[in-house]
Structure formats: structure tokens, C-alpha cells
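Student: Fold the following and give me the result.
(2 chains)
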Protein chains: 2
Amino acid sequence: MYKNPKETEYASWWNKTISDAGLADNRYQLKGFFVWMPYGFSIMKNIRNKWDYLFALNGIQEMYFPLLVPVEYASRNASWWNSFKSQAFYALGYEETEKNAFLRPTGEPAMYPMFSTWIRSHRDLPLRIYETVSSFRNETKSTKTFVRDVEIGPWYEIHTCHATREEAENEIKLAIKMNEELFLDAAIASIKVRKPPADCFPGSVGAVEFYTTLNDKLIENASCNNLGQAYAKAFDIAFTDKDEQKKPVWQTCTGNGERILAAIIGNHSDDKGIVVPPKIAPLQAALIIINSPQEEVLDKIDLGIDKSKILILTAKAFSEIGELRFKAERMGIPARIEIGPKELLASEATLISRAGNKKSVPFKNLKAELAKLLEKLQNDLYDASKKELFGRIKECDKIEEAEKAQVALVGWCGKTECSDWIKTKTKKDLIGMTLEIEKKKCIWCGEDGEKTYFSAAY
Amino acid sequence: MYKNPKETEYASWWNKTISDAGLADNRYQLKGFFVWMPYGFSIMKNIRNKWDYLFALNGIQEMYFPLLVPVEYASRNASWWNSFKSQAFYALGYEETEKNAFLRPTGEPAMYPMFSTWIRSHRDLPLRIYETVSSFRNETKSTKTFVRDVEIGPWYEIHTCHATREEAENEIKLAIKMNEELFLDAAIASIKVRKPPADCFPGSVGAVEFYTTLNDKLIENASCNNLGQAYAKAFDIAFTDKDEQKKPVWQTCTGNGERILAAIIGNHSDDKGIVVPPKIAPLQAALIIINSPQEEVLDKIDLGIDKSKILILTAKAFSEIGELRFKAERMGIPARIEIGPKELLASEATLISRAGNKKSVPFKNLKAELAKLLEKLQNDLYDASKKELFGRIKECDKIEEAEKAQVALVGWCGKTECSDWIKTKTKKDLIGMTLEIEKKKCIWCGEDGEKTYFSAAY
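Tutor: The predicted structure follows:
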């Protein structure tokens, strides 16, 4: 993990690292918009493939809703519309002045009026769908590529409707499990928190959010929302149950996006650049061939990996090797294999992990050793991420401890006056309560409370 | 092919067929926007997977550019901007009034200013990239799902830059080849035409377009544009060549999208619904189990197909079979397999092609017979599409023949006054010249000309 306490230095390191790795170009002339470069997009596609796999496995179907949302749809749910309309981009035809449609900031207002036409009876339930699409939030705050953009994409959202509250709660559990699996492939440790009601997504009754680390702060990186029946009532999504009664459905929605890539950059980088976890790396190894015939080298070695996942770089002279090594390191390619005339003669390659370890490996062992390296790197990255995140958390009984802790785990009674006081005193944000309820007296008023995380956050 | 000469009847058949098959829901309250239903989206994803495969095979890299384009970028190429600005949706922030960005109608103005920053030397060439994304055209004409929408998506565009004119021309040839392969999987016959200069994409010097049939007309269904150096000059995309001279690049762009699905519906449908060609069908077979234990049936048969590609439908009584058959037919599932108590006893299934052929097949031959059925259906669909398209084309020496022909192939000298006369007289549009130049005297002025297609078109 690249560590730099000053946010301004971190910001310039961030932009340089993204650009050097070939992830994005943020010189596009609209603030908060950037161009996905081929290599960055291929990493994001691997993440997306994992989502698609998990959703298919769990019977959640993919759909696509229009990017433009009629204002009429959105205004059916006042709490959603009030919280998003200041961020809306209206889509205005050439000679039109009426603001009757806007670009989607999230999916609800496009989807739910349609759900209302599709659902009639309990036989139409559950409805479980997702889409992967750009979202647009015209926020005026400072932007940061992959962390806070105006066009947020690719963004995935699962939306589900159920006949009972219990089913919706089980869906949330499944969403948590799927996100955990995704984060595991990305080798990212996270804490899961329950948000207090006031901090939930507009209109929802509960939310579980994943937080990961970025520089010295925490960052929200996935959210699983229990929407209860508020949206169903606003959008008239109702069904006739087995008892012939008309009832509003119970809903959930879950979202995640490019911030997984942000977490990868934030967690798995050093001064040389990023490290892409093998499970989502489009390129598993960089093969550097030095002053030797490429065909002959390729004939003699077997890496046990599809050729499209190997970046082949050739150096005509030893003086060129440095630049090639830097390139492979900046791109975060998990393994580097170097073969020159000496290695070719000895039928032995130099195998270097992006973590730094280096050894000579006979050609005949390359396949096995490379597989071992990739597995070890994947595990090591996850362990380092866990150590970093959990090393920051300190359970505190006194406010002075909480002030000093990076992430303070304190008792909180649930009252806003107490959390406001804790926030002011510790200069930290309220992150959320532990996933399973753990009782602890409020650090301010001393009344019954729950363990709650406070930390600086993006 | 569903045949109905009246456009209004065709339109209502079209909407019903799309809705019954579960492809799209066009009740979304913005004209020209619709919701992709899971089954329709999965067919489109298979088409997209084929694109992705072809592009990867040919070394074209995927990127993603923002959906919003700065007006400043677009106005650098006056001919492009003049032809698209009346269709532009401006994106207007909540309290903003300045129209400084709009939703992409095509990719050029978002991409080319970036190309100009990326390309410096001949070593940066060729640049060959694509993206798959929605395009927005705020056209006022009547919309038709998959054929003419306001949000056109998923839309793919390849954009390439080259050092020489020859390389650009070879790229066009490759683009034609890739589109041919895609159309073959979709079992769609096409004619390829060269557009006369006046009909080319704004700013381009040549275009090859694919036309397919839809009802009684032709429809443009892919275009491969030779942009020459006009965009390069407008956007300052230049490189230093080996001779140390600064030169504008040569460019191409190729596009295609949801109209492939439109062609599939238009070509491969009957009164019962669509027929999805096996090579792009997400579901290869519908297994209808009648009044029998599902587990037992599944245990005894081997279809040789991944289970996720079989739609399993169960009927508790013989009276329910009809509705299940209709469902499989409406969805255009290539094969139907029916197994009831009688079949189970005889270890024999009824195998029915979506084309209508039906036979009894012993369980042990099911795998081989199903594979044969799928291959035959794929070929038959393509043959029928070819027969339909080429059966319409008539080479004409006299204008009276051209008036009567569905697609008239006549000589044309290239002059607008002559094509205007042919269009008026035959009530047909100019489609384009044959791909390879074929000389033929102009049917109006009698001067030297080329064979040119005229037809009613969407």
C-alpha cells in the first residue's frame, strides 16, 4: 500500500499511477468524466464478468433500462427526487426548453414504474433483476477518478421485489455474500456496517454498507439496501397475495461499481505503481525476452496460461530491460519472467513476483512455480489489505482514545445529538454499527448503545 | 419470414411479437426509449460476445468514452456538428442554462480530440479501438423498437487511425469481413453497397454499407466508413512519419447495433413469433415434460447442451401443453423436446424443430439428433434469408422494369439529376453501387455508369 499522509500529494500520485498503468485518461474536457483506456477497461471487464457470473449463478437476470428518466416517474417518490434533483442533468432537445427527462443518477425511478406494470399476482414474485450501466451525478464537489466521478460507470444495481419481509431480508444476505465473493477476488478487505436510519438511501428502511480503505480514510464501496415498502407505495408496486389481498411488495437494491477498482489501486500499490490481484488480472505475466529469438523462447517454455494473458516484451539490448521492467511494474502485472541468452542456455528463467520475490526456475518447473506465485500473491494481497484495515480499528472506551484512533469503535446510543458530539470531538464521520448487534454503552451519554465505527471517510 | 404488405399491420405485429417473445417492453414513458427484457438482452449479449470475440481476434482493443461530449470538441468539425446538432440532447445541470455538453449521437467528437493527444509519431500507429455504448439521436420521426430509437444501444463503433491510405483501406476490408461473420451467425443475408459521396457519413470520403430486408423494404444495418483525412485535419490528429514529416492520419470508423436483432426478427419470424438462430440463441431447446417426474426425465436424457441453455417447462396435465408450446414458439427457441409418460416408457422423445419438422427420437440418439436439428435450422434460416433478399433484386434495363421491381439494379452515371429522376419515377431510394464496380449505362441519360441498387428503404 502506498502511504502518503498528505491528500494533495496522494492526489497527484493517484493521477500519475492511473495514467502510468494505462487505466484511464482524465484529460477529457468535462470535469468528472474520463476515458477508460484499454488496459483499465479490461480489468474492469474482469470484475464485471465476476458480477455476471455471480448473478447468473444466483438466478438474477440482466436487463437494461433507458439512461433517461422521465421527471414524471421520478417525482412519484418525493424523498428520492428531493435528494437527487439538485444533481440531475436534464436532457434538453435542440429547441426544447422543458426539463421533462434527466440522466439516471440511480435506477429506481426508471425501473419502478415498470415493475408496477409487470407485477400483478404473487406468482409474479420474486422479481430479481440487475443492470450494469453508467450513472450520472452532477455533484459540484471535487472529483477523483474511480472514486468520485460525474459519470459513474460501469455501475451495477440489483433490484428485487418480494412478497414478504423475510424474503427481502434473505435477499440482502445473499447480496452481502455476493459482494464478499467479489471483494475476495479483488483481494480487498472490508468492514460491513449497518447504517443508522438517517444515513440510509432515500426512502429505505435499512442498509448494509461495505467500507474499504483509501489512503488514510475509509470509503463506502458497496451498499445493500432494504427498501421496505416505501418505494412500493410511492410507485404502486402491489400484488394480489394467496389470501386475495392486495399488498405492496418488499424491495431491496444493491449497488457497486468502479470503486472496486479504486480500492484495488488504493490497497495494492507502491511507489512503482499498482498491483493487480491475479484473479482479476487480464495479464497474468510479463515475459521479458532479452536479446534472444522470441520463437525459440516461446517454443521452450510452457507457462500453463492462455497466451492472451501474457504480455510479451522484447529487449534487443540489456540497456532496454529497465524500461520494460518498469512498464510491467507500473501495470501491476502479477509475475515477471525474464529470459536472456544465459537463461536460454541453462534452460532456466528468472521468475519475479510483483511483490518483489525473485528466483531462478528451470523451464520444466515454470508452469508449477508460476501457478504457485500467482496463488501466493493473491493471498498475500488479501492478507495485507486485512492487516491494513483491521490494524486501524481500535475499540475505545474513552473519547480521548477515539480521537487518536484511525477508526474508532465506540458505543453509541443512536441519538443524533450524541453522534454529532462524537463527530465534532473526534473529527470523524459516523460509518455505521457493526453488522451483528454488539451492545456497548454510549461513549457520550452513557446510555445503552451499540458498537459503532467512526472514521474519516471519503 | 412474416409477410404483411401493410406497414400499419406490420407495426402492430412487430410490437406484439417483441413483447410476446420477452425481448422488450416499449411502454416506457419516453418516445424512442424502451426497456430490454432479460430474454431480449441475453440474445443481444450473445451478439455482443461475438463482436467482442471478433475484435479481440483481430487485435482491436475495447475502450469506453464518456457519454457526454463537450460542444467545444464537436464544433471542431463543422460538417459533423451541423449534421447532428439538431438531434442533440444537451445535458443541463439543475441551475445551469449553458448548453456546453450533449449526449453522444456517435463517437467521433468524444474520441478524436483524445486521439490527437495520444498520437505523436508513426510508432503510435495504427490506433485501433472500439466501444460498445448507447447513442442518442433526438429525431422527431416515428420510432420503431430496435429499428429507429432515440437511445440506440448497445451500439458498437470501431475507430482506427493509420499512417497510410492503403492501411485504412485494408481496415475497411477487415471490417467488412467481421460484419459478414457476425451476419452469418445471425443467419442474415445482406447486400453490400458503396455509397455515393453525397450519401456518406458527414466528412467521410467513402462508405460500404450492409443492407438487409425488413418487411418489404431494405434497411441499412452496418456501415464501414473511410474517413480519409478530413476528421484528422479538423481534430489535428497528426503524426511525425519516418521521413520526419508531420502528416494527418488516415481514419476509418465502423458501426452496428441493435438493428442486427431487428433483422433477426424481420427475417426469421412467422405468425407464431420469432425464430432465434441457434448460433446466437441463449436457449437452444425447450424441454416440455408432461405429467412425469422431472428428475427421472433429466436423469434419462442427455441433450449434450449446457443445462443453462435449456428451458425446462412442466405440464401437470395434457391440457397445459398447448400454452407451453406457444411460449417456446413465441420465444423462437430453436428446438422443442416433448416427453410424457408414453415417451418415458418407450425411452423416446418427440423432437420438433422451430421450423416445424417433428419426429420421434430414441433417448440414446437425442444428443446427435438435436445437434443435427440445430445445424440444419441455422443453415435453413440463412438460406431462406438469402432467397428472400436476392429474390427481390432484379437487374433492369428499362425504367418500367425498375418501377415494378422490389429492388432494382440499374445503371447510374453518378449525377444527382439522374438519381433524382430515377427515385421519383420508381418511388425508390438510392441504396448504393455494387461493392465491386460493375459498369452499366445510366438508365436515364445513357452515359457510362455503374450498377446501382434502388429500393424502398427504412
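
Student: Next one, pLDDT for the residue in the stretch 301-450 of chain A that chain B sits nearest to please.
Tutor: Nearest residue of the stretch 301-450 of chain A to chain B (CB to the nearest CB) works out as residue A:308 at 7.4 Å. No exception for glycine: its C-beta is placed from N, CA and C like everyone else's. At residue A:308 the predicted local confidence, pLDDT, stands at 93.

Student: Look at it and give its secondary structure.
Tutor: Following DSSP: H, G, I helix; E, B strand; the rest coil, we place residue A:308 in the helix state.

Student: Pretty sure it sits against residue B:59.
Tutor: No: counting by CB atoms under 8 Å, residue B:59 is not a contact partner of residue A:308; they are 10.6 Å apart.

Student: For chain A, just list every one of the helices.
Tutor: Assigned helices in chain A, in chain order: A:7-21, A:38-57, A:71-74, A:78-84, A:108-118, A:165-185, A:230-235, A:259-267, A:294-300, A:321-330, A:341-346, A:366-392, A:399-404, A:416-426 (criterion: DSSP state H).

Student: worst average pLDDT in those helices?
Tutor: Among the helices of chain A, helix A:78-84 carries the lowest mean pLDDT (a mean of 81).

Student: And chain B, is that helix touching that?
Tutor: No: using CB under 8 Å from any CB of the partner chain, we find that helix A:78-84 stays clear of chain B, coming within 10.0 Å at best.

Student: which strands and helices sit next to that helix?
Tutor: Under the contact definition 3 or more CB pairs under 8 Å, 6 or more residues apart in numbering or on different chains; DSSP states H and E, helix A:78-84 sits against helix A:71-74, helix A:108-118, helix A:230-235.

Student: May I see the buried residues of that helix?
Tutor: A:80-81, A:84 (16 or more other CB atoms under 10 Å in any protein chain shown).

Student: any idea which of these is the one closest to chain B?
Tutor: Distances from chain B to those, taken as CB to the nearest CB, are shortest for residue A:84 (10.0 Å).

Student: ok, the residue of the stretch 101-250 of chain A found nearest chain B - contacts?
Tutor: Relative to chain B, the nearest point of the stretch 101-250 of chain A is residue A:138 (4.8 Å; CB to the nearest CB). Neighbouring residues of residue A:138 by CB atoms under 8 Å, 6 or more residues apart in numbering or on different chains: A:87-89, A:150, B:93-94.

Student: And those residues, which two are furthest apart?
Tutor: Maximum pairwise distance among those (CB to CB): 12.9 Å, between A:150 and B:94.

Student: quick one: which of those two has more around it?
Tutor: residue A:150 (24 against 14; other CB atoms under 10 Å in any protein chain shown).

Student: which non-adjacent residue is nearest the more buried one?
Tutor: Spatial nearest neighbour of residue A:150, excluding adjacent residues (CB to CB, 6 or more residues apart in numbering or on different chains): residue A:32 at 2.9 Å.

Student: if we can go back for a sec, the contacts of residue A:138 into a markdown table, with extra columns for pLDDT and distance to residue A:331?
Tutor: A markdown table is the format used below for those (pLDDT from 0 to 100; distance: CB to CB, whole Å):
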| residue | pLDDT | distance to residue A:331 |
| --- | --- | --- |
| A:87 | 82 | 34 |
| A:88 | 83 | 37 |
| A:89 | 86 | 34 |
| A:150 | 91 | 27 |
| B:93 | 81 | 36 |
| B:94 | 76 | 40 |
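
Student: Pick the most buried one from the helices of chain A.
Tutor: Among those, helix A:259-267 has the highest mean neighbour count (mean count of other CB atoms under 10 Å in any protein chain shown), at a mean of 26.

Student: Any chance you could list what contacts it?
Tutor: Contacts of helix A:259-267 (CB under 8 Å, 6+ apart): A:1, A:14, A:17-18, A:23, A:40, A:43-44, A:47, A:146-147, A:182-183, A:186-189, A:212-215, A:219-222, A:274, A:276-277, A:280, A:381, A:384-385, A:388.

Student: Next: stretch A:450-458.
Tutor: Against stretch A:450-458 from outside (CB under 8 Å, 6+ apart): A:144, A:147-148, A:191, A:193, A:211, A:214, A:216-220, A:392-393, A:395, A:402, A:406-412, A:414, A:419, A:422-423, A:426-434, A:437-440.

Student: Out of the residues you listed, list just those in strands.
Tutor: Members of the contacts of stretch A:450-458 lying in strands (criterion: DSSP state E): A:191, A:193, A:211, A:214, A:217-220, A:393, A:395, A:407-412, A:429-434.

Student: Buried ones only from those residues, please, as a ChimeraX command.
Tutor: Buried subset of the ones in strands among the contacts of stretch A:450-458, written as a ChimeraX selection, criterion 16+ other CB under 10 Å:
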select /A:191,193,211,214,217,218,219,220,393,407,408,409,410,411,412,429,430,431,432,433,434
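
Student: ok so, going back, reformat the contacts of residue A:138 as CSV; add distance to residue B:330.
Tutor: Shown next, in CSV, are those (distance: CB to CB, whole Å):
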residue, distance to residue B:330
A:87, 41
A:88, 39
A:89, 38
A:150, 42
B:93, 44
B:94, 44
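
Student: And those residues, which is closest to residue A:169?
Tutor: Checking the contacts of residue A:138 one by one against residue A:169 (CB to CB), the nearest turns out to be residue A:87, at 30.0 Å.

Student: picking up where we left off before, which single one of the contacts of residue A:138 is nearest to residue B:315?
Tutor: Using CB to CB as the measure, the one of the contacts of residue A:138 that approaches residue B:315 most closely is residue A:88, at 49.0 Å.

Student: Surely that closest one touches residue A:109?
Tutor: No: using CB under 8 Å, residue A:88 is not in contact with residue A:109; the gap is 10.4 Å.

Student: what residues are up against residue A:275?
Tutor: Residue A:275 makes contact with A:268-269, A:332, A:334, A:354-355, A:377, A:381, according to CB under 8 Å, 6+ apart.

Student: Please apply the same query to residue A:21.
Tutor: Going by CB under 8 Å, 6+ apart, residue A:21 touches A:39-40, A:273-274, A:330-332.

Student: cutoff 6 Å now
Tutor: A:273-274, A:330-331 (CB atoms under 6 Å, 6 or more residues apart in numbering or on different chains).

Student: and if you look at residue A:192?
Tutor: A:208, A:210, A:435.

Student: hmm, try it at 8 Å
Tutor: A:176, A:208-211, A:435.

Student: likewise residue A:432?
Tutor: Residue A:432 sits next to A:193-196, A:199, A:209, A:211, A:452-453 when contact means CB under 8 Å, 6+ apart.

Student: Check what pLDDT the residue nearest to it when sequence neighbours are not counted gets.
Tutor: Leaving aside its chain neighbours, residue A:432 sits nearest to residue A:193 (2.8 Å; criterion: CB to CB, 6+ apart). We have a pLDDT of 98 for residue A:193.

Student: any idea how far residue A:389 is from residue A:193?
Tutor: 13 Å (CB to CB, to the nearest Å).

Student: now residue A:45
Tutor: 26 Å.

Student: Same list, the helices and strands packed on helix A:78-84, but as CSV with distance to chain B please.
Tutor: Listed next are those as CSV, based on distance: least, CB to the nearest CB, whole Å:
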stretch, distance to chain B
helix A:71-74, 7
helix A:108-118, 6
helix A:230-235, 13
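
Student: Now distance to residue B:122 too, for these, in a markdown table please.
Tutor: Listed next are those as a markdown table, based on distance: least, CB to CB, whole Å:
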| stretch | distance to residue B:122 |
| --- | --- |
| helix A:71-74 | 51 |
| helix A:108-118 | 47 |
| helix A:230-235 | 57 |
